[in-house]
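Engineer: Can you look at this prediction? I've put the sequence above it.
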Amino acid sequence: MEWEQRVTEVWARFDEVPEEDFPALVESAVEGAPPAVAAFELAGAFDSTGHPDRAVPLYREALDLGLTGEHRRRAVIQLASSLRNLGQPEVAVDLLTAERDAGSDDLDDAVRAFLALALVDVGREREAVSLALGALAPHLPRYQRSLRDYARELLG
């Protein structure tokens, strides 16, 4: 069985596995994976089981090892979220602002959502609401233009 399939299967069982056992299962599943991906997946396991302090160094390691593509963007989002949870929302704002400005893909709304959370934590609530509403607007069946306009209006 390939490591990708093992990782997918382990994550599919997340709700069935005791939290304390999950990181070890992920560590076993990533055997043979590229080191950057292995570090990313293990970081996610620690993050998802309430250990952002153990996840942060692994996210950084994954990024330093050259993680690419969707994994890289997910690592930035998850790193920023962990840093926010560890009381470093300013760093999260910086990371997510850079990520938002770096390009566009199907994770754009996730970047905006986590950036909105970090903005609230640094006292920039109006900007956070504007960002969240702007991200929500395209998904509505009606009122898209109105909501986009109101989102911009919040920023003055």
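Structural biologist: In hand now; what should we look at?
Engineer: can you pull the buried residues of stretch 124-133?
Structural biologist: Residues of stretch 124-133 classed as buried: 124, 127, 128, 129, 130, 131, 132, 133 (neighbour count, 16 or more other C-beta atoms under 10 Å). C-beta: built from backbone N, CA, C; applies to glycine.
Engineer: Tell me which helix or strand the third one sits in.
Structural biologist: Assigned by DSSP states H and E, residue 128 belongs to helix 125-136.
Engineer: contacting residues around that helix?
Structural biologist: 108-109, 112-113, 115-117, 119-120, 147-148, 150-152, 154-155 (C-beta atoms under 8 Å, 6 or more residues apart in numbering).
Engineer: Same check on stretch 29-48?
Structural biologist: The contact list for stretch 29-48 (C-beta under 8 Å, 6+ apart) reads 2-4, 6-7, 9-10, 14, 22-23, 25-27, 52, 54-56, 58-59, 61-63, 65-68, 71, 74-75, 78-79, 81-82.
Engineer: Relative to residue 81, how far out is the residue lying closest to residue 89 once chain neighbours are set aside?
Structural biologist: Take residue 89 and drop its neighbours on the chain: the residue closest to it by C-beta to C-beta, 6 or more residues apart in numbering is residue 121, 3.6 Å away. Using C-beta to C-beta, to the nearest Å, residue 121 is found at 11 Å from residue 81.
Engineer: which residues does the residue nearest to residue 89 contact?
Structural biologist: 84, 89, 92.
Engineer: hmm, which helix or strand of this structure has the shakiest average pLDDT?
Structural biologist: Scoring the helices and strands of the chain by mean pLDDT, DSSP states H and E places helix 144-154 at the bottom, with a mean of 92.
Engineer: and it with helix 125-136, angle?
Structural biologist: Angle, helix 144-154 to helix 125-136, by axes from the mean of the first three to the mean of the last three C-alpha atoms, to 10 degrees: 160 degrees.
Engineer: name the helices or strands packed onto helix 144-154?
Structural biologist: Contacts defined by 3 or more C-beta pairs under 8 Å, 6 or more residues apart in numbering; DSSP states H and E place helix 144-154 against helix 125-136.
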